[in-house]
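Q: A structural model of the following input is requested.
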Amino acid sequence: MATEIKVNPPFIKLEQFLKFGNIAETGGMAKLMITDGIVEVNGEVCMMRGKKLYNNDKVTVNFEEETEEFICKIEE
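A: Predicted structure coming up:
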């Protein structure tokens, strides 16, 4: 089951989402995760750190040991 991460409107950038959701410990780690190609947005590998995420976008991170899914939830 995917973990919901609530953010403020209207969007959040992918790199910020990874940090805000405690998926990456630092901005540098978030950048490496994206450039290493282990992050997918809505089922497609995303190499853009500035990719804008909107309500209900699904972020999948393919770690070595496991795959985790997160849902971007925009708070109204």
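
Q: contacts and neighbour counts: CA atoms only from here.
A: Noted.

Q: Mind listing residues that contact the helix ranked longest in the chain?
A: Assignment by DSSP state H gives helix 27-35 as the longest helix of the chain. Contact with helix 27-35 is made by Glu15, Gln16, Leu18, Lys19, Ala24, Val39, Cys46, Met47, Met48, Arg49, as judged by CA atoms under 8 Å, 6 or more residues apart in numbering.

Q: so how many other residues sit close to Thr26?
A: If you count neighbours by other CA atoms under 10 Å, Thr26 ends up with 15.

Q: so what's the residue nearest to it when sequence neighbours are not counted scoring on pLDDT?
A: Counting by CA to CA, 6 or more residues apart in numbering, Lys19 is the residue found nearest to Thr26 once chain neighbours are left out, at 6.2 Å. Here the pLDDT value assigned to Lys19 is 96.

Q: Also the one 3 residues further on?
A: Predicted confidence (pLDDT) for Asn22: 94.

Q: part of a helix, is it?
A: No: counting by DSSP: H, G, I helix; E, B strand; the rest coil, Asn22 is located in no helix; its state is coil.

Q: What's the local residue count around it?
A: 12.

Q: So Glu40 sits against Asp57, correct?
A: No: using CA atoms under 8 Å, Glu40 is not in contact with Asp57; the gap is 10.3 Å.

Q: Provide the contact partners of the strand ranked longest in the chain at residue level.
A: Ordering each strand of the chain by length in residues (DSSP state E) puts strand 67-74 first. Residues from elsewhere that reach strand 67-74, judged by CA under 8 Å, 6+ apart: 1-11, 53-62.
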